[in-house]
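Undergrad: give me coordinates for this.
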Amino acid sequence: MKELVRSPAGPVTGRRDGRVRRFLGIPYAEAPVGVRRFAAPVRRGRFREPYDASRPGATAQRVPLSATTTIPEPSVPGEDVLNLSVTAPVDGAGCPVLVWVHGGGFLAGSPASPWYDGRSFARDGIVTVTVGYRLGVDGFAPLDGVPANLGLRDVLLALDWVRENIAAFGGDPGRVTLAGQSAGGAAVLALLSSPAAEGRFQRAVSMSGGFFEVDRGAARGFLERLGERLAVPPTREGFSRVGVGQLQGRVRDVRGEGVLVLGPVTGDDILPVAVPEGLSGHGLDVPLLLGATGDEFDGDTAPESARAAGTRTTDVLFRAACPRAARARRRAEAGTWLYSFEWPSPATGGATHCVDLPFFFDVLDAPGVPEALGPCPPAELATLTHADLAGFVHGREPAWARAGGGPGDPAREYGRPGAGPVADTTGVYDPVVRAGAAAC
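TA: Below you'll find the predicted structure:
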């Protein structure tokens, strides 16, 4: 059934499915093409005629990060990649809002993934907004004459759209939770640390995120290699001659084993300082929930050396960021809470990167779930994790103790073998604290 909403951005037509309304692919900015490519996002003009939001919008991803991804990540053609989708309960009014930023190493990922369907949040009286933003060279290349962190600037403009329009869809613009996973979780931490983002969201959730800033010199070196491969100078003008799809395909070839070759950089108005430093002075009035999976990148790896390397990656990139963020925010009266997702997927050999998402979104019936989680993922664990996340979005304080950044901080533990799914206290390992305990 068609559903019409008259918003400040103009009339938008979506679809109603039972007790859920979906408005897909609504442009929040002008298409970043021509002179707008490699430029700050520009607010989309008001729709004069009803905008058809019945199907997913174009995605910035043209080429997946790898041939096989854990999360289904459809690529949708088109130029209007700066769009967002809204999932809302029927007859909802004044509902809290969850704004979701997808992962993909700042190079790939898709807001159109079925794993990000907000139907279970709508059931619980929450409006979900999934955001598309620029990726790779177009979103995060530090080029001369180009504003830095364009992908983050896109998310900020999307948050402005939410503030101005979400009430028409049943949401409360004063109760916005910014959340994301992997690169999306890192974007949440980056924006929480940013003076430019203050006031745009009231709560924050970072899942398997981290401090993923990229060194400008290293990024420029990568862009030089990429330009050589494409036979163009590594400049705005040079890369403007290359289509987004061709650029992304070459990025995947040139990056080799490195995933974080492009990402947020510091030293501009968005990220004046490194994220941990920024977290100590900004966003202290915003409650933060963050955590990681137990294995991230060290799942079913037969050679012990490979598993050990994966464990180091898991600790350094993901798990250690949790106590570091809590330590940076130790003066935050709003509070910081940690979790650790420990349920081992029989399909991946561990509690690996991304397997927690169908549980937190409570979409165990979504496409791609059996391949990632096996045939019988525990529904009771999805009920628990989703309820905790939904409660946080609703403004409820988590039931476990706050974290202060010290060794052995309490964390909500989900699904550890041999323990009940409601176990509350596990230490999140931080190699930095272990190495520098005497100096802390």
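Undergrad: please make it C-alpha for all contacts and neighbour counts, starting now.
TA: Noted.
Undergrad: on the three-state scheme, the residue positioned nearest the centre of the chain is what?
TA: The C-alpha lying nearest the average C-alpha coordinate of the chain belongs to Gly184 (C-alpha atoms, centre = their mean; 2.0 Å). Under DSSP: H, G, I helix; E, B strand; the rest coil, the three-state class of Gly184 is helix.
Undergrad: now the residue nearest to Phe361 when sequence neighbours are not counted: phi and psi?
TA: Once flanking residues are discounted, Phe361 sits nearest to His386: 6.0 Å by C-alpha to C-alpha, 6 or more residues apart in numbering. Per-residue torsions, His386: phi -60, psi -40 (degrees, to the nearest 10).
Undergrad: which ones are touching His386?
TA: When contacts are counted by C-alpha atoms under 8 Å, 6 or more residues apart in numbering, His386 touches 359-362.
Undergrad: could you report the separation of it from Arg252?
TA: Shown here: His386 relative to Arg252, a distance of 34 Å by C-alpha to C-alpha, to the nearest Å.
Undergrad: tell me where the stretch 151-300 of the chain has strands.
TA: Along the stretch 151-300 of the chain, counting by DSSP state E, counting those that start in this stretch, strands occupy 171-181, 203-207, 288-293.
Undergrad: quick revisit: how close does the residue nearest to Phe361 sit to Pro377?
TA: 14 Å.
Undergrad: among the strands of the stretch 151-300 of the chain, which is nearest Trp115?
TA: Closest to Trp115 of these, according to C-alpha to C-alpha: strand 171-181, at 11.8 Å.
Undergrad: any idea how far that closest one is from the middle of the chain?
TA: Distance of strand 171-181 from its chain centroid, counting by C-alpha atoms, centre = their mean, to the nearest Å, is 13 Å.
Undergrad: and what about the nearest residue to Leu150 once chain neighbours are set aside, helix, strand or coil?
TA: Leaving aside its sequence neighbours, Leu150 sits nearest to Gly139 (C-alpha to C-alpha, 6+ apart; 4.9 Å). The assignment at Gly139 comes out as helix when based on three-state DSSP.
Undergrad: what about Gly139, neighbour count?
TA: 27 (other C-alpha atoms under 10 Å).
Undergrad: how about Leu364?
TA: 21.
Undergrad: quick one: secondary structure of it?
TA: Going by three-state DSSP: Leu364 is coil.
Undergrad: quick thing: my sequence starts at 291, can you match it?
TA: Sure, I'll start numbering at 291, so the last one becomes Leu654.
Undergrad: quick one: secondary structure of the residue nearest to it when sequence neighbours are not counted?
TA: Leaving aside its chain neighbours, Leu654 sits nearest to Pro648 (5.5 Å; criterion: C-alpha to C-alpha, 6+ apart). Three-state assignment for Pro648 (three-state DSSP): helix.
Undergrad: quick one, what contacts Pro648?
TA: Here Pro648 is in contact with 405, 654, 656, 659, 672 (criterion: C-alpha under 8 Å, 6+ apart).
Undergrad: give the buried residues for the helix or strand harbouring the last one.
TA: Ala672 is part of helix 669-683 when elements are defined by DSSP states H and E. With burial defined by 16 or more other C-alpha atoms under 10 Å, the residues of helix 669-683 counted as buried are 671-672, 674-680, 682-683.
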